[in-house]
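**Student:** structure of the sequence below:
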Amino acid sequence: MAIFAILLLAFLITALFVYVAAQIGALNAALIASGLCLGIIIILWITTIIVGRNPEKRAQDRMSRDIASIAGTAALANVPKMFAMARKRKVAALATSVVAVVGFGLWRALRGDDR
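**Tutor:** Now for the predicted structure:
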């Protein structure tokens, strides 16, 4: 069954190539086909690099993304409290929060070890 599916795919690609060659010329059709094949090869190469990483590294990356997501959710959960403080004219508390967030962002940006 799989052999017939591969043959069907080969015949469909050949028919598409013949149709495109009849419409725009053989050289242009060959250039388009080679460009498409190059694009598919690059996509498959990137996919094999991503999948080929060891499971520990993938688990560590997943954990860091999860922690960042939880931190972002916690930060957004405090936004209504910060606006309530700003409405009550507690500017010092709001300014402290803003300075802390900006300082943390600068620290992460200037730390140097990218993960």
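
**Student:** please make it C-alpha for all contacts and neighbour counts, starting now.
**Tutor:** Fine.

**Student:** if I look at Gln23, how far off is Leu12?
**Tutor:** 17 Å (CA to CA, to the nearest Å).

**Student:** what is the mean pLDDT for stretch 59-72?
**Tutor:** For stretch 59-72, mean pLDDT rounds to 78.

**Student:** the longest helix in the chain is where?
**Tutor:** The single longest helix within the chain, with elements called by DSSP state H, is helix 26-51.

**Student:** can you pull the buried residues of the helix or strand of the chain with the lowest mean pLDDT?
**Tutor:** Lowest mean confidence among the helices and strands of the chain (mean pLDDT, DSSP states H and E): helix 79-87, at a mean of 72. Neighbour-count burial for helix 79-87, counted by 16 or more other CA atoms under 10 Å, picks out Met82.

**Student:** for stretch 20-36, which residues meet the burial criterion?
**Tutor:** The neighbour-count check on stretch 20-36 (16+ other CA under 10 Å) flags Val20, Ala21, Ala29, Ala33 as buried.

**Student:** how is this protein divided into domains?
**Tutor:** 2-51, 55-110 (automatic domain parsing).

**Student:** would you single out the least confident of those?
**Tutor:** Looking at the domains of the chain, the bottom one is domain 55-110 with a mean of 75.

**Student:** and the buried residues of stretch 20-36 as CSV, adding distance to Ile49?
**Tutor:** Listed next are those as CSV, based on distance: CA to CA, whole Å:
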residue, distance to Ile49
Val20, 33
Ala21, 35
Ala29, 30
Ala33, 24
